[in-house]
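>>> The sequence and its predicted three-dimensional model are supplied below.
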Amino acid sequence: MRRVPKTLVLGGIITAVMVGAALLSRFWTPADPTGMNIMARLKAPGEVGLLGTDQIGRDVLSIIMSGAWTSLGIASTATFIGGGIGTVFGVVAAAKGGWVERLVMTFNGVLFAFPPILSAILLGALLGPGAVTSMVAIGVFMIPVFARVTRAAAIQIWARDYVKAARMAGKHDALITLEHVLPNISAQLIVQLAIQTGLGILSEAGLSFLGMGVSPPTPSWGRMLSESQTYLSSAPHLVLAPGLAIAITVLGLNLLGDGLRDLTDPRRRQTT
(Lines give C-alpha, C1' and ligand atoms only; values in the text may rest on other atoms or scores of the structure.)
Protein backbone atom coordinates (compact mmCIF):
# COMPACT_ATOMS: atom_id res chain seq x y z
CA MET A 1 0.00 0.00 0.00
CA ARG A 2 1.43 3.34 -1.04
CA ARG A 3 1.85 5.84 1.76
CA VAL A 4 0.83 9.45 1.12
CA PRO A 5 3.83 11.72 1.83
CA LYS A 6 3.43 14.03 4.80
CA THR A 7 4.70 16.93 2.69
CA LEU A 8 1.82 16.37 0.26
CA VAL A 9 -0.75 16.45 3.07
CA LEU A 10 0.74 19.54 4.74
CA GLY A 11 1.27 21.35 1.46
CA GLY A 12 -2.24 20.49 0.33
CA ILE A 13 -3.76 21.84 3.55
CA ILE A 14 -1.80 25.11 3.41
CA THR A 15 -2.59 25.61 -0.27
CA ALA A 16 -6.27 24.81 0.25
CA VAL A 17 -6.51 27.34 3.09
CA MET A 18 -4.91 30.10 1.01
CA VAL A 19 -7.02 29.31 -2.05
CA GLY A 20 -10.09 29.19 0.18
CA ALA A 21 -9.26 32.62 1.62
CA ALA A 22 -8.80 33.99 -1.90
CA LEU A 23 -12.16 32.60 -3.05
CA LEU A 24 -13.91 33.78 0.12
CA SER A 25 -12.60 37.31 -0.45
CA ARG A 26 -14.67 37.51 -3.64
CA PHE A 27 -17.84 37.26 -1.53
CA TRP A 28 -16.91 38.39 1.99
CA THR A 29 -14.15 40.11 3.93
CA PRO A 30 -14.27 41.43 7.53
CA ALA A 31 -14.23 44.97 6.12
CA ASP A 32 -13.96 46.75 2.80
CA PRO A 33 -10.32 46.17 1.74
CA THR A 34 -10.29 49.56 0.00
CA GLY A 35 -12.27 51.44 2.65
CA MET A 36 -10.25 54.11 4.48
CA ASN A 37 -10.72 55.31 8.06
CA ILE A 38 -8.06 57.83 8.99
CA MET A 39 -9.31 57.93 12.58
CA ALA A 40 -8.42 54.23 12.95
CA ARG A 41 -5.04 54.30 11.21
CA LEU A 42 -2.10 52.17 12.42
CA LYS A 43 -4.11 50.26 15.00
CA ALA A 44 -2.42 47.17 16.44
CA PRO A 45 -3.74 43.65 15.82
CA GLY A 46 -6.77 42.97 17.98
CA GLU A 47 -7.35 46.65 18.71
CA VAL A 48 -9.23 47.18 15.45
CA GLY A 49 -9.71 44.01 13.47
CA LEU A 50 -7.82 40.74 13.85
CA LEU A 51 -4.65 42.04 12.17
CA GLY A 52 -5.04 45.75 12.84
CA THR A 53 -5.16 48.57 10.30
CA ASP A 54 -2.69 50.18 7.92
CA GLN A 55 -1.49 53.75 7.48
CA ILE A 56 -4.80 54.93 6.01
CA GLY A 57 -7.07 52.89 8.25
CA ARG A 58 -7.79 49.91 6.01
CA ASP A 59 -8.36 46.51 7.60
CA VAL A 60 -5.16 44.47 7.12
CA LEU A 61 -6.87 41.07 7.22
CA SER A 62 -9.28 42.13 4.47
CA ILE A 63 -6.39 43.33 2.32
CA ILE A 64 -4.51 40.07 2.92
CA MET A 65 -7.54 38.03 1.85
CA SER A 66 -8.12 40.13 -1.27
CA GLY A 67 -4.40 40.16 -2.00
CA ALA A 68 -4.45 36.35 -2.00
CA TRP A 69 -6.85 36.48 -4.95
CA THR A 70 -4.54 38.89 -6.78
CA SER A 71 -1.31 37.00 -6.10
CA LEU A 72 -2.68 33.51 -6.73
CA GLY A 73 -4.60 34.66 -9.80
CA ILE A 74 -1.62 36.32 -11.46
CA ALA A 75 0.82 33.56 -10.47
CA SER A 76 -1.40 30.69 -11.59
CA THR A 77 -2.32 32.38 -14.88
CA ALA A 78 1.31 33.17 -15.61
CA THR A 79 2.28 29.58 -14.76
CA PHE A 80 -0.31 28.17 -17.14
CA ILE A 81 0.86 30.55 -19.87
CA GLY A 82 4.49 29.55 -19.40
CA GLY A 83 3.60 25.90 -18.84
CA GLY A 84 1.43 25.64 -21.93
CA ILE A 85 3.91 27.27 -24.31
CA GLY A 86 6.94 25.66 -22.69
CA THR A 87 5.39 22.19 -22.84
CA VAL A 88 4.72 22.60 -26.56
CA PHE A 89 8.32 23.68 -27.12
CA GLY A 90 9.61 20.76 -25.06
CA VAL A 91 7.62 18.02 -26.78
CA VAL A 92 8.42 19.43 -30.23
CA ALA A 93 12.15 19.52 -29.42
CA ALA A 94 12.05 15.94 -28.10
CA ALA A 95 10.03 14.63 -31.05
CA LYS A 96 11.95 16.30 -33.87
CA GLY A 97 15.50 16.44 -32.53
CA GLY A 98 18.27 17.75 -34.77
CA TRP A 99 18.20 21.37 -35.83
CA VAL A 100 14.64 21.84 -34.58
CA GLU A 101 15.70 20.86 -31.07
CA ARG A 102 18.74 23.12 -31.20
CA LEU A 103 16.65 26.05 -32.47
CA VAL A 104 13.99 25.60 -29.78
CA MET A 105 16.47 25.28 -26.94
CA THR A 106 18.49 28.27 -28.18
CA PHE A 107 15.32 30.35 -28.23
CA ASN A 108 14.55 29.17 -24.71
CA GLY A 109 18.03 30.19 -23.62
CA VAL A 110 17.41 33.69 -24.95
CA LEU A 111 14.11 33.92 -23.06
CA PHE A 112 15.75 32.65 -19.88
CA ALA A 113 18.26 35.51 -20.08
CA PHE A 114 15.46 38.01 -19.42
CA PRO A 115 14.31 37.78 -15.76
CA PRO A 116 10.70 38.72 -14.90
CA ILE A 117 11.62 42.15 -13.49
CA LEU A 118 13.49 43.17 -16.65
CA SER A 119 10.68 41.80 -18.83
CA ALA A 120 8.12 43.71 -16.76
CA ILE A 121 10.07 46.94 -17.18
CA LEU A 122 10.16 46.45 -20.95
CA LEU A 123 6.48 45.52 -21.11
CA GLY A 124 5.55 48.28 -18.69
CA ALA A 125 7.06 50.82 -21.04
CA LEU A 126 4.77 49.50 -23.79
CA LEU A 127 1.62 48.47 -21.91
CA GLY A 128 1.94 50.23 -18.58
CA PRO A 129 2.14 48.46 -15.20
CA GLY A 130 -0.72 46.16 -14.30
CA ALA A 131 -1.92 42.58 -13.93
CA VAL A 132 -1.50 41.78 -17.64
CA THR A 133 2.07 43.04 -17.63
CA SER A 134 2.87 40.90 -14.59
CA MET A 135 1.26 37.77 -16.03
CA VAL A 136 3.03 38.10 -19.37
CA ALA A 137 6.42 38.92 -17.83
CA ILE A 138 6.30 36.03 -15.36
CA GLY A 139 4.79 33.65 -17.93
CA VAL A 140 7.50 34.37 -20.50
CA PHE A 141 10.20 33.71 -17.92
CA MET A 142 8.64 30.30 -17.14
CA ILE A 143 8.55 29.12 -20.75
CA PRO A 144 12.18 27.86 -20.85
CA VAL A 145 11.78 26.21 -17.44
CA PHE A 146 8.86 24.08 -18.62
CA ALA A 147 10.49 23.52 -22.00
CA ARG A 148 13.61 22.02 -20.40
CA VAL A 149 11.66 19.85 -17.97
CA THR A 150 9.31 18.64 -20.71
CA ARG A 151 12.11 17.94 -23.19
CA ALA A 152 14.14 15.94 -20.65
CA ALA A 153 11.12 13.85 -19.61
CA ALA A 154 9.85 13.38 -23.18
CA ILE A 155 13.22 12.19 -24.49
CA GLN A 156 13.09 9.32 -22.00
CA ILE A 157 9.64 8.31 -23.27
CA TRP A 158 10.73 8.47 -26.92
CA ALA A 159 13.52 6.03 -26.11
CA ARG A 160 11.10 3.32 -24.95
CA ASP A 161 10.46 0.31 -27.15
CA TYR A 162 6.71 0.73 -27.51
CA VAL A 163 7.16 4.31 -28.71
CA LYS A 164 9.81 3.23 -31.21
CA ALA A 165 7.45 0.51 -32.42
CA ALA A 166 4.65 3.03 -32.87
CA ARG A 167 6.92 5.27 -34.91
CA MET A 168 8.09 2.35 -37.07
CA ALA A 169 4.44 1.43 -37.64
CA GLY A 170 3.95 4.81 -39.29
CA LYS A 171 2.26 6.75 -36.52
CA HIS A 172 2.71 10.49 -36.81
CA ASP A 173 4.91 12.17 -34.20
CA ALA A 174 2.03 14.38 -33.08
CA LEU A 175 -0.20 11.36 -32.46
CA ILE A 176 2.54 9.56 -30.53
CA THR A 177 3.05 12.67 -28.44
CA LEU A 178 -0.65 12.89 -27.56
CA GLU A 179 -1.16 9.17 -26.94
CA HIS A 180 2.10 8.13 -25.30
CA VAL A 181 4.41 11.01 -24.40
CA LEU A 182 2.16 13.55 -22.68
CA PRO A 183 0.27 11.01 -20.53
CA ASN A 184 3.57 9.60 -19.27
CA ILE A 185 5.09 12.96 -18.37
CA SER A 186 1.94 14.55 -16.94
CA ALA A 187 3.03 13.82 -13.36
CA GLN A 188 6.29 15.73 -13.81
CA LEU A 189 4.40 18.64 -15.35
CA ILE A 190 1.90 18.81 -12.49
CA VAL A 191 4.75 18.89 -9.97
CA GLN A 192 6.42 21.65 -11.92
CA LEU A 193 3.16 23.61 -12.07
CA ALA A 194 2.91 23.61 -8.27
CA ILE A 195 6.53 24.66 -7.76
CA GLN A 196 6.46 27.36 -10.44
CA THR A 197 3.22 28.81 -9.07
CA GLY A 198 5.07 29.40 -5.80
CA LEU A 199 7.87 31.13 -7.67
CA GLY A 200 5.24 33.10 -9.58
CA ILE A 201 3.87 34.46 -6.30
CA LEU A 202 7.35 35.60 -5.30
CA SER A 203 7.82 37.23 -8.71
CA GLU A 204 4.44 38.98 -8.55
CA ALA A 205 5.24 40.29 -5.07
CA GLY A 206 8.60 41.56 -6.30
CA LEU A 207 7.04 43.34 -9.27
CA SER A 208 4.34 44.92 -7.11
CA PHE A 209 6.99 45.96 -4.58
CA LEU A 210 8.79 47.84 -7.37
CA GLY A 211 5.57 49.39 -8.65
CA MET A 212 5.39 47.25 -11.81
CA GLY A 213 2.51 45.06 -10.64
CA VAL A 214 -1.18 45.75 -10.18
CA SER A 215 -2.20 49.36 -9.68
CA PRO A 216 -3.95 50.75 -6.58
CA PRO A 217 -6.50 50.26 -5.15
CA THR A 218 -6.24 46.57 -6.13
CA PRO A 219 -4.83 44.76 -3.06
CA SER A 220 -1.38 43.24 -3.48
CA TRP A 221 0.93 41.59 -0.97
CA GLY A 222 4.01 43.02 -2.65
CA ARG A 223 2.69 46.58 -2.62
CA MET A 224 1.71 46.16 1.04
CA LEU A 225 5.36 45.41 1.80
CA SER A 226 6.48 48.43 -0.21
CA GLU A 227 4.02 50.84 1.42
CA SER A 228 4.78 49.65 4.97
CA GLN A 229 8.57 50.08 4.90
CA THR A 230 8.46 53.42 6.68
CA TYR A 231 6.28 51.98 9.46
CA LEU A 232 8.52 49.03 10.27
CA SER A 233 9.35 50.28 13.77
CA SER A 234 6.01 51.82 14.68
CA ALA A 235 3.66 49.25 13.09
CA PRO A 236 5.59 46.03 12.36
CA HIS A 237 2.34 44.12 11.73
CA LEU A 238 2.06 45.92 8.40
CA VAL A 239 5.21 44.12 7.22
CA LEU A 240 4.72 40.83 9.04
CA ALA A 241 1.22 40.15 7.72
CA PRO A 242 1.96 40.23 3.96
CA GLY A 243 5.43 38.78 4.50
CA LEU A 244 4.05 35.76 6.33
CA ALA A 245 1.25 35.40 3.77
CA ILE A 246 3.80 35.20 0.96
CA ALA A 247 6.12 32.86 2.87
CA ILE A 248 3.35 30.48 3.97
CA THR A 249 1.76 30.33 0.52
CA VAL A 250 5.06 29.65 -1.24
CA LEU A 251 5.96 27.07 1.42
CA GLY A 252 2.63 25.32 0.93
CA LEU A 253 3.03 25.16 -2.84
CA ASN A 254 6.62 23.91 -2.56
CA LEU A 255 5.58 21.22 -0.08
CA LEU A 256 2.72 20.29 -2.40
CA GLY A 257 5.12 19.98 -5.32
CA ASP A 258 7.61 17.95 -3.31
CA GLY A 259 4.85 15.67 -2.07
CA LEU A 260 3.52 15.10 -5.57
CA ARG A 261 7.03 14.31 -6.76
CA ASP A 262 7.52 11.80 -3.95
CA LEU A 263 4.16 10.23 -4.72
CA THR A 264 4.69 9.89 -8.47
CA ASP A 265 8.41 9.11 -8.64
CA PRO A 266 8.84 5.33 -8.40
CA ARG A 267 12.31 5.76 -6.93
CA ARG A 268 10.84 7.75 -4.02
CA ARG A 269 7.76 5.67 -3.31
CA GLN A 270 7.55 4.14 0.11
CA THR A 271 5.42 1.09 0.73
CA THR A 272 4.11 -0.28 3.94
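Yep, that arrived.

>>> Could you measure from the most centrally placed residue in the chain over to residue 50?
Taking Cα atoms, centre = their mean as the criterion, residue 197 is the residue nearest the geometric centre of the chain, at 1.7 Å. Counting by Cβ to Cβ, to the nearest Å, the gap from residue 197 to residue 50 is 27 Å. C-betas here are computed from N, CA, C, even on glycine.

>>> Please spell out which residues along stretch 158-171 are buried.
Across stretch 158-171, burial judged by 16 or more other Cβ atoms under 10 Å covers 158, 163, 166-167.

>>> now swap in stretch 243-250 and tell me
Result for stretch 243-250 [16+ other Cβ under 10 Å]: buried residues 243, 245-246, 249-250.

>>> Turn those residues into a markdown table, including distance to residue 17 and pLDDT.
As requested, the buried residues of stretch 243-250 are exported to a markdown table (distance: Cβ to Cβ, whole Å; pLDDT from 0 to 100):
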| residue | distance to residue 17 | pLDDT |
| --- | --- | --- |
| 243 | 17 | 93 |
| 245 | 11 | 94 |
| 246 | 14 | 94 |
| 249 | 9 | 94 |
| 250 | 14 | 94 |
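
>>> Tell me the one of the residues you listed nearest residue 35?
residue 245 (19.9 Å; Cβ to Cβ).

>>> Looks like that closest one contacts residue 64 (just checking).
Yes: counting by Cβ atoms under 8 Å, residue 245 touches residue 64, with 5.4 Å between them.

>>> low-confidence ranges in the stretch 1-150 of the chain?
Along the stretch 1-150 of the chain, the parts satisfying pLDDT under 70 run over 1-2, 116, 120, 124-125.

>>> just the helices in it please.
Ranges of helices in the stretch 1-150 of the chain, per DSSP state H, counting those that start in this stretch, are 6-24, 60-96, 98-112, 116-127, 131-158.

>>> right, and those helices - which one's nearest residue 42?
Comparing the helices of the stretch 1-150 of the chain under Cβ to Cβ, the one sitting nearest is helix 60-96, at 10.3 Å.

>>> Show the secondary-structure elements that the closest one is packed against.
helix 6-24, helix 98-112, helix 131-158, helix 173-176, helix 182-209, helix 221-227, helix 237-264 (3 or more Cβ pairs under 8 Å, 6 or more residues apart in numbering; DSSP states H and E).

>>> so can I have CSV of these showing distance to residue 91?
As requested, these are exported to CSV (distance: least, Cβ to Cβ, whole Å):
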stretch, distance to residue 91
helix 6-24, 27
helix 98-112, 10
helix 131-158, 5
helix 173-176, 9
helix 182-209, 7
helix 221-227, 34
helix 237-264, 19
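
>>> Out of those helices, which is closest to residue 39?
Here helix 237-264 is closest among the helices and strands packed on helix 60-96 (Cβ to Cβ), at 17.5 Å.

>>> What residues of that closest one count as buried?
237-239, 241-243, 245-246, 249-250, 252-263.

>>> And stretch 216-227, by the same measure?
218-227.

>>> Now residue 155: closest residue in space that isn't a chain neighbour?
Excluding its sequence neighbours, the residue lying closest to residue 155 (Cβ to Cβ, 6 or more residues apart in numbering) is residue 94, at 4.9 Å.

>>> Can you report how many residues lie near that neighbour?
For residue 94, the neighbour count with other Cβ atoms under 10 Å is 26.

>>> Would you point out the most distant pair within the buried residues of stretch 158-171?
So, those by Cβ to Cβ: farthest apart are 158 and 166, at 10.2 Å.

>>> In TSV: the helices of the stretch 1-150 of the chain, plus distance to residue 185.
Compiled in TSV, the helices of the stretch 1-150 of the chain are given as follows (distance: least, Cβ to Cβ, whole Å):
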stretch	distance to residue 185
helix 6-24	19
helix 60-96	8
helix 98-112	16
helix 116-127	25
helix 131-158	4
